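A.B. asks: got a predicted model here, sequence first, then my questions.
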Amino acid sequence: MTDPTCIFCKIGTGEVPADKVYEDDLCVAFRDMEPLMPTHVLVIPKDHYRDVTDDVPPETLGHCLAVVRDITKREGLTGGFRLMVNTGDDASQSVRHFHIHILGGGRMPRPNDQDWGEFATNAHKLSPR
Ligand code: DGP
């Protein structure tokens, strides 16, 4: 079931364009319009779930993760990558449609590392691949 007011549902149906890197019956993957890393892809189910706690069926969760794994290979993220699932207010989730961020293409400090602040300020300036 989709939500006609949700921007990610609209990307899923094709009503709103996006730079899609993968699509099947259950999910779609597209490049984030505000990339934080040279590779920044979002994987979403086509059905609307507010966030990961919103009773996403296990098959859908598993399928999305399998798609994530395939995309990291296709994008050549051999050095590693980071997955991020912002959930709710405390995580500053801005689009209330469950999505998995794939971030890669360069070294990412951990949030408690000394260079985290500099990274967080400058990451968006990295050129996309
Ligand atoms: P989050 O904070 O986890 O809810 O991240 C939402 C991300 O979605 C954010 O990095 C920007 C991205 N985004 C929001 N609207 C659009 C859109 O219309 N198209 C694309 N490609 N990305 C979007």
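C.D. replies: Noted; the coordinates are in hand.

A.B. asks: hey, which helix is longest across the protein?
C.D. replies: helix 58-74 (DSSP state H).

A.B. asks: for that one, packing partners?
C.D. replies: strand 20-23, strand 27-31, strand 39-45, strand 100-104 (3 or more C-beta pairs under 8 Å, 6 or more residues apart in numbering; DSSP states H and E). All C-beta atoms are positioned from the backbone trio N, CA, C, and that covers glycine.

A.B. asks: buried residues in the least confident helix or strand in the chain by mean pLDDT, which are they?
C.D. replies: The least trusted helix or strand in the chain, going by mean pLDDT, DSSP states H and E, turns out to be helix 116-122, with a mean of 84. By 16 or more other C-beta atoms under 10 Å, the buried positions in helix 116-122 come out as residue 119.

A.B. asks: next one: that helix to chain centre, how far?
C.D. replies: Offset of helix 116-122 from its chain centre (C-alpha atoms, centre = their mean, to the nearest Å): 20 Å.

A.B. asks: which regions of this protein sit below the pLDDT cut-off?
C.D. replies: Regions of the chain meeting the criterion pLDDT under 70 cover residues 126-129.

A.B. asks: quick check: residues of it near the ligand?
C.D. replies: Residues of the chain lying near the ligand by C-beta under 6 Å from any ligand atom: 7, 18, 30-34, 42, 86, 92-95.

A.B. asks: of these, just say which sits nearest to residue 1.
C.D. replies: Distance to residue 1, by C-beta to C-beta, is smallest for residue 7 among the residues of the chain next to the ligand, at 16.2 Å.

A.B. asks: surely that closest one is in contact with residue 16?
C.D. replies: Yes: Residue 7 is in contact with residue 16 according to C-beta atoms under 8 Å; the separation is 6.3 Å.
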